[in-house]
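Kindly generate the corresponding structure for this input.
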Amino acid sequence: MYERKTNIIFDSWVMFKRCLFISLRNPEALLVATIVPFLLMFLFGTVFGNIANVGDMNYIDFIVPGIILQSLGQSSQYSAMNMTTDMTKGILDRFRTLSISKTAVLIGHTGAGVVRNSISTLIIIGTAFLLGFRPQGNFRDWLLVIGLLTIVNIAISLLAVMCGLLSKTVEGSSGLMLPLFILPFVSSGFVPVDSMDRGLKLFAEIQPMTPIIDSFRALTLGLPFGDSLWTALIWCVGIIIAAFTLSIQIYQRRIS
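Residues are numbered from 1 along each chain as shown. Purely as a prediction, here's the structure:
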């Protein structure tokens, strides 16, 4: 049993390095992970900051969580595309001839996605500071922010891997990730939920992006977060369990 666990860890580490090296050799993926987050933060902070009404709150402080989640959805499309590429180009047929853990491939792609997404998040926060982002959270709040960001990152990366397994073409896998880019717009990410029409408000309140964004915003600005943090954690853990379970089943069915 110990040897089996050791093999899974080693195989996952090898697959993680392989997927990360593929990303480093892809200029487009690096561009999306670096330049696009900067542009999103800069454009939303400067163009819409003068017309948006978020009360007494600084608009830069308000939109940072929404931009982070939007960027995670954008950059995660490469996890889906890379997974589909492996499924369609025959590389997994080679892996099947080796003594490799089946979950290692999925973990490797997920881990590489987490690294790419973390780079995007750091660039967004750095750009936000340049534009006037002034967080008020204490050390404990920032530990919670890091923990929540990690869980959200894993959940989105696993969803991307699942989309990559479901799709039969690389272009199709990218399209399956589009909802993750759109959902932050229909949430509390860019405008207060109370300012939306009744139908949009109801959707924004029940979808997972809103409690996640509200939790990030409350923790970074030192505001009370109520039940939003627990709701966000429940959503993320549920997505991780469901996406990983379904990914394993789809993967085993497609390689059988």
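
all contacts plus neighbour counts: C-alpha atoms, from now on.
OK.

Which neighbouring elements make contact with the one helix or strand Ile212 maps to?
With elements delineated by DSSP states H and E, Ile212 resides in helix 209-221, which encompasses its position. Judged by 3 or more CA pairs under 8 Å, 6 or more residues apart in numbering; DSSP states H and E, the packing partners of helix 209-221 are helix 59-75, helix 139-166, helix 228-255.

These into JSON lines, with extra columns for mean neighbour count?
Shown next, in JSON lines, are the helices and strands packed on helix 209-221 (neighbours: other CA atoms under 10 Å):
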{"stretch": "helix 59-75", "mean neighbour count": "25"}
{"stretch": "helix 139-166", "mean neighbour count": "22"}
{"stretch": "helix 228-255", "mean neighbour count": "16"}
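
Of these, which is nearest Ser99?
Ranking the helices and strands packed on helix 209-221 by their distance to Ser99 (criterion: CA to CA) puts helix 228-255 first, at 14.5 Å.

The closest one versus helix 209-221: what angle between them?
Between the direction of helix 228-255 and that of helix 209-221, the angle (axes from the mean of the first three to the mean of the last three CA atoms, to 10 degrees) works out to 130 degrees.

tell me what helix 228-255 is packed against?
For helix 228-255, the helices and strands in contact under the criterion 3+ CA pairs under 8 Å, 6+ apart are helix 102-131, helix 139-166, helix 209-221.

Which of the ones you listed has the lowest mean pLDDT?
Ranked on mean pLDDT, the bottom entry among the helices and strands packed on helix 228-255 is helix 102-131, at a mean of 87.

Could you check the angle that one makes with helix 139-166?
Angle, helix 102-131 to helix 139-166, by the same axes, to 10 degrees: 130 degrees.

re earlier: in JSON lines: the helices and strands packed on helix 228-255, plus distance to Ile250.
Formatted as JSON lines, the helices and strands packed on helix 228-255 follow (distance: least, CA to CA, whole Å):
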{"stretch": "helix 102-131", "distance to Ile250": "11"}
{"stretch": "helix 139-166", "distance to Ile250": "7"}
{"stretch": "helix 209-221", "distance to Ile250": "26"}
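
Ok, which of these comes nearest Val36?
Set against Val36 and scored by CA to CA, the helices and strands packed on helix 228-255 come closest in helix 102-131, at 8.3 Å.

in stretch 197-205, what's buried?
Buried residues in stretch 197-205, counted by 16 or more other CA atoms under 10 Å: 201, 204-205.

now stretch 79-99
Neighbour-count burial for stretch 79-99 flags 79-88 (criterion: 16+ other CA under 10 Å).

Could you work out the most separated pair of the residues you listed?
The most widely separated members of the buried residues of stretch 79-99, counting by CA to CA, are Ser79 and Thr88 (14.3 Å).

Helix, strand, or coil at Pro135?
Of the three states, Pro135 takes coil according to DSSP: H, G, I helix; E, B strand; the rest coil.

how far away is it from Ala80?
Using CA to CA, to the nearest Å, one obtains 33 Å as the distance from Pro135 to Ala80.

With Leu166 instead?
When distance is defined by CA to CA, Leu166 is 9 Å away from Ala80.

which residues are in contact with both of these two?
Shared contacts of Leu166 and Ala80, defined by CA atoms under 8 Å, 6 or more residues apart in numbering, are found at Ser173.

before we move on, back to that, turn the helices and strands packed on helix 209-221 into CSV, including distance to His109.
CSV is the format used below for those (distance: least, CA to CA, whole Å):
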stretch, distance to His109
helix 59-75, 13
helix 139-166, 7
helix 228-255, 12
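
quick one: which of the ones you listed is nearest Asp194?
With CA to CA as the criterion, Asp194 lies closest to helix 59-75 of the helices and strands packed on helix 209-221, at 14.5 Å.

helices or strands next to that closest one in the packing?
helix 27-47, helix 102-131, helix 139-166, helix 178-182, helix 209-221.

Now distance to Ile241 too, for the ones you listed, in JSON lines please.
Putting the helices and strands packed on helix 59-75 into JSON lines (distance: least, CA to CA, whole Å) gives the following:
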{"stretch": "helix 27-47", "distance to Ile241": "26"}
{"stretch": "helix 102-131", "distance to Ile241": "13"}
{"stretch": "helix 139-166", "distance to Ile241": "9"}
{"stretch": "helix 178-182", "distance to Ile241": "18"}
{"stretch": "helix 209-221", "distance to Ile241": "17"}
